[in-house]
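K.L.:
just a sequence and a predicted model for now, questions to come.
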Amino acid sequence: MATFVGYHPEAVKFPAASRRVFESSPGVLRGFCARCGTPISYESSRFPDEIHLYVGLMDDPARFSPAFHVHFAERIEGFEIADDLLRFPGGASQ
């Protein structure tokens, strides 16, 4: 399971040559560390004003509190989420 934090693309800067991007499917770009291959980011033409970064990469991931759940319809059977946050069956715009 992955947790992301979303930003406006202009708010995110990567050191030169530190990230490689792979188009995993039409309109979807996945960013990886150029040195070790660790997943870093997710971008989609469906959300042109957003870049999503993996929270696990943050120095202090506990400071990012979730605001809602997306793609809830695709959750793992039996996986329980014990909060009252909004749950979108697909993306947050759906």
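P.N.:
Nice, thanks for sending it over.

K.L.:
domain parsing for this protein?
P.N.:
1-60, 64-94 (automatic domain parsing).

K.L.:
so how far is residue 84 from the residue located most distally from the centre of the chain?
P.N.:
Largest separation from the mean C-alpha position in the chain: residue 78, at 22.7 Å (Cα atoms, centre = their mean). Distance, residue 78 to residue 84, using Cβ to Cβ, to the nearest Å: 20 Å. Every C-beta, even on glycine, is put in place using the N, C-alpha and C of the backbone.

K.L.:
also residue 54?
P.N.:
For residue 54, the distance to residue 84 - Cβ to Cβ - is 25 Å.

K.L.:
so those two - more neighbours on which side?
P.N.:
residue 54 (17 against 6; other Cβ atoms under 10 Å).

K.L.:
residue 30 is in contact with residue 24, correct?
P.N.:
Yes - the criterion here is Cβ atoms under 8 Å, and residue 24 meets it with residue 30 at 4.9 Å.

K.L.:
the two: which is more packed in?
P.N.:
residue 30 (16 against 10).
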